[in-house]
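Trainee: based on what follows, work out the 3D shape:
(2 chains)
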Amino acid sequence: MNATSAEQASAPVTEDALRSVLAGERPSRPGPVLTSLTFGWRALLKIKHVPEQLVDVTMFPIMFTLMFTYLFGGALAGSTQEYLQFLLPGILVQANVMITMNTGITLNTDIQKGVFDRFRSLPVWRPSPLVGALLGDLVRYSIGSAIVIMLGLVLGFRPEGGAVGVVLSVALLLVFSFCLSWLWTMLSLILRTPNSVAGVSMMVMFPLTFVSNIFVDPKTMPGWLQAVVEVNPITHLATVVRGLMHGSVPAGEIGWVLVSSVLLVAVFGPITMVLYRNKK
Amino acid sequence: MGKLAIETRGLKKSFGTTHAVAGVDLAVSAGGVYGVLGPNGAGKTTTIRMLATLLRPDAGEAQVLGYDVVRDAQAVRSRVGLTGQFASVDEDLTGVENLLLLARLLGYSRRRGRERATDLLDAFGLAEAADRQVKKYSGGMRRRIDIAASLVVTPELIFLDEPTTGLDPRSRNQVWEIVRGMVAEGATVLLTTQYLDEADQLADRIAVIDHGKVIAEGSSGQLKASFGAGSLHVRLRSPEQRAEAERVLATALEVQVEPSADPVALSARISDPERVARSLAELSRGGIDVTEFALGQPSLDEVFLALTGHAPEETPEEDAA
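Mentor: Numbers count the residues shown, from 1 in each chain, chains lettered A, B, ... in the order given. As a prediction, the model looks like this:
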């Protein structure tokens, strides 16, 4: 019949090709590490295809470093050079912590678009799409850190702790950022739109980074505020990064940072997974 | 009857005060296409999402390929493929990257995964678009990559949620060819649709679903038969003769005759096909010129109307999210 043959000509799918494709093998199921890394690879592919998304890890740290060094340097520390030695490790912390927000926004976008339905319907270790996304973000954090440090070096930042101190502090920063991201994954599963995730994240992020010792020495603050600054994990993180970069090893503070990292995952990880499992 | 691919009893799911699925019983045998037909918001997507383990039912039970969708969710996941109503591939990635990603997640080595991705793209006529980002695909190509993505590991059961919604007729035919091809290879397909002709064309059995409940179930023929033998459609030469023709037909057929929107057309549901020839003879004896007549099974539109008391209507889609 005419209609049928015309239809077949327009159909891109030939029966033979379909038959061979449907006779595919059934490979054994991969483990959690491999599936997480595979999702990490997806995050890298997205960076490759949408490089604009790196704006937050490039422009943002540059802007902040320049702004704060030259706006406040003279007033706060007498000279911009001196302030830079104090500020740069702090800016590094702030830049990284700020960039973690993007995790939640990206995840929420994924959910809205429906591609997460596909991932959730796969027989893989359940947290692997999230862990993979966070692993991909580690690359973003590393890029952001490298940019801040290089800019700092150009502007006159001289870390007394040398390369080892810098690398160690960045490593610790990545650990903390990875753990903090679970807060954003949780939010992204609760809130409906990427915009609301961004809004709420900002609301958390601004006090978290500003009410700390990133920009100024807390000694100038009123007592009650000092108490808040003292319990803010960002304060401890900034102290550690500052210490390591300038050649001291604040062991107690490192302990603080590691404990708060573990706590962040221990609290927000399971909540995230419950929300993820029961996502509508 | 073969073994059941899907069996549900009293499946329920509510979102707030909306009872999206209000007690669905299904028995889908293995092999062939099972159609779930209903208007927007009838609960089709919610049902499919529960069967594909994406949503936990509030009440009731569902077994897919013999595994409970709640207790043995991983076993279900490794045996079914899902093509959702919305984007189920990553738009930012290319076609081949999407399929390779899934192949790696499902256990293929890098090399075998790439071969598999290429084979699938070839089979679905997407070889040329392999290295293009999916967001640059046309609607029909999108659907094809969506379906290909469900077949990376050959599933025993494939869920297609409204696979042709929003497609042009040519792309729709292509999807139909794919579905027929998959079934010819022995796959079981559960397909939701709001198009009556799609269910009629593809499905071996159909469940009609409305307001979260199955209101009828059977083969397309059975659904139509339960509704009557069919309808007679007649077109006249002149509209002036329609009133007269209506009277003649009503007498000869002993049923009610409906004037159509078309001013020269009439249609009647018939109970006894034998009377049709006689009624046409009566028309000609009465000097009424008939230009065209057709005797057909009732359309699923008519079936839906008879089952629900209303035409397939759009209710707000609560299960879109």
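
Trainee: pull up the residues of the stretch 51-200 of chain A that are close to chain B.
Mentor: Within reach of chain B by CB under 8 Å from any CB of the partner chain, the stretch 51-200 of chain A has these residues: A:113-115, A:117-118, A:120-124. Any C-beta I mention is one placed from the backbone N, CA and C, and that applies to glycine too.

Trainee: kindly indicate which of those lies nearest A:Leu155.
Mentor: A:Lys113 (40.7 Å; CB to CB).

Trainee: could you report the neighbour count for that closest one?
Mentor: Residues contacting A:Lys113 under the criterion other CB atoms under 10 Å in any protein chain shown number 16.

Trainee: before we move on, back to that, as JSON lines, the residues of the stretch 51-200 of chain A next to chain B with distance to B:Arg205 and secondary structure would be great.
Mentor: Converted to JSON lines, those look like this (distance: CB to CB, whole Å; DSSP: H, G, I helix; E, B strand; the rest coil):
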{"residue": "A:Lys113", "distance to B:Arg205": "33", "secondary structure": "helix"}
{"residue": "A:Gly114", "distance to B:Arg205": "28", "secondary structure": "coil"}
{"residue": "A:Val115", "distance to B:Arg205": "31", "secondary structure": "helix"}
{"residue": "A:Asp117", "distance to B:Arg205": "26", "secondary structure": "helix"}
{"residue": "A:Arg118", "distance to B:Arg205": "27", "secondary structure": "helix"}
{"residue": "A:Arg120", "distance to B:Arg205": "28", "secondary structure": "helix"}
{"residue": "A:Ser121", "distance to B:Arg205": "24", "secondary structure": "coil"}
{"residue": "A:Leu122", "distance to B:Arg205": "28", "secondary structure": "coil"}
{"residue": "A:Pro123", "distance to B:Arg205": "28", "secondary structure": "coil"}
{"residue": "A:Val124", "distance to B:Arg205": "32", "secondary structure": "coil"}
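
Trainee: I'd like the next helix or strand past the helix or strand encompassing A:Val166.
Mentor: Using DSSP states H and E, A:Val166 falls within helix A:162-190. On the C-terminal side of helix A:162-190, the nearest following helix or strand under DSSP H and E is helix A:194-210.

Trainee: all strands for the stretch 201-321 of chain B, in order.
Mentor: B:205-210, B:213-218, B:230-236, B:257-259, B:265-270, B:290-296 (DSSP state E, counting those that start in this stretch).

Trainee: mean neighbour count, those: which tops it?
Mentor: Mean neighbours per residue, mean count of other CB atoms under 10 Å in any protein chain shown, is largest over the strands of the stretch 201-321 of chain B for strand B:205-210, with a mean of 24.

Trainee: list the strands paired with that one, with their directions.
Mentor: strand B:32-37 (parallel), strand B:213-218 (antiparallel) (DSSP bridges).

Trainee: picking up where we left off before, how far does the helix holding A:Val166 sit from the chain's center?
Mentor: Its chain's average C-alpha position is 6 Å from that of helix A:162-190, according to CA atoms, centre = their mean, to the nearest Å.

Trainee: in it, what counts as buried?
Mentor: Neighbour-count burial for helix A:162-190, with 16 or more other CB atoms under 10 Å in any protein chain shown as criterion, is recorded at A:165-166, A:168-170, A:172-189.

Trainee: what do you get for stretch B:248-265?
Mentor: The neighbour-count check on stretch B:248-265 (16+ other CB under 10 Å) flags B:248-249, B:252-253, B:255, B:257, B:264-265 as buried.

Trainee: where does chain A dip in pLDDT?
Mentor: In the predicted model of chain A, residues A:1-15, A:24, A:280 satisfy pLDDT under 70.

Trainee: tell me where it has helices.
Mentor: Using DSSP state H, the helices of chain A run over residues A:2-10, A:15-22, A:32-49, A:55-77, A:80-113, A:115-120, A:128-155, A:162-190, A:194-210, A:223-231, A:233-245, A:251-277.

Trainee: from A:Met63, how far out is A:Tyr141?
Mentor: With the distance defined as CB to CB, to the nearest Å, A:Tyr141 ends up 17 Å from A:Met63.

Trainee: got a list of what residue 84 touches?
Mentor: Since no chain was named, I'll use chain A. Contact analysis of A:Leu84 by CB atoms under 8 Å, 6 or more residues apart in numbering or on different chains lists A:69, A:73, A:152, A:155-157.

Trainee: hm, I was asking about chain B
Mentor: Contacts of B:Gly84 by CB under 8 Å, 6+ apart are A:114, A:117-118, B:146, B:161.

Trainee: just say helix, strand or coil for the closest residue to chain A within chain B.
Mentor: Closest approach between chain B and chain A, counting by CB to the nearest CB: B:Gly125, at 2.3 Å. Of the three states, B:Gly125 takes coil according to DSSP: H, G, I helix; E, B strand; the rest coil.

Trainee: touching, it and B:Arg144? I think so.
Mentor: Yes: judged on CB atoms under 8 Å, B:Gly125 makes contact with B:Arg144 at a distance of 6.9 Å.

Trainee: what bridges to the spatially most central residue of chain B?
Mentor: Central residue of chain B (CA atoms, centre = their mean): B:Thr193, 3.4 Å from the mean position. Note on B:Thr193: beta-bridge partners by DSSP bridges are B:Leu37.

Trainee: measure it to B:Gln85 for me?
Mentor: 11 Å.

Trainee: what sits in contact with each of those two?
Mentor: B:162, B:165.

Trainee: which of the contacts of B:Gly84 sits closest to A:Val50?
Mentor: Closest to A:Val50, out of all of those and judged by CB to CB, is A:Gly114, at 18.0 Å.

Trainee: low-confidence ranges in the stretch 51-200 of chain B?
Mentor: Looking at the stretch 51-200 of chain B by pLDDT under 70, you get B:86-87.

Trainee: can you pull out the helices in it?
Mentor: In the stretch 51-200 of chain B, the helices defined using DSSP state H, counting those that start in this stretch lie at B:73-77, B:95-105, B:110-123, B:139-150, B:169-184, B:196-202.

Trainee: before we move on, the earlier item: go through the strands paired with strand B:205-210 and find the least confident stretch.
Mentor: Among the strands paired with strand B:205-210, strand B:213-218 carries the lowest mean pLDDT, at a mean of 90.

Trainee: export it to CSV, keeping only CA atoms.
Mentor: Extracted in CSV, the C-alpha atoms of strand B:213-218 (Å, rounded to 0.1, in the frame of the first residue of the first chain):
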residue,chain,number,x,y,z
LYS,B,213,-9.8,5.6,38.4
VAL,B,214,-9.9,2.9,35.7
ILE,B,215,-13.4,3.3,34.2
ALA,B,216,-13.1,0.7,31.5
GLU,B,217,-10.6,-2.0,30.4
GLY,B,218,-10.3,-4.2,27.4
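
Trainee: re earlier: need the helices of the stretch 51-200 of chain B in CSV (columns: mean neighbour count and distance to chain A).
Mentor: Below are the helices of the stretch 51-200 of chain B laid out as CSV (neighbours: other CB atoms under 10 Å in any protein chain shown; distance: least, CB to the nearest CB, whole Å):
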stretch, mean neighbour count, distance to chain A
helix B:73-77, 20, 4
helix B:95-105, 26, 5
helix B:110-123, 19, 4
helix B:139-150, 23, 7
helix B:169-184, 19, 4
helix B:196-202, 20, 12
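
Trainee: no further queries at this time; thank you.
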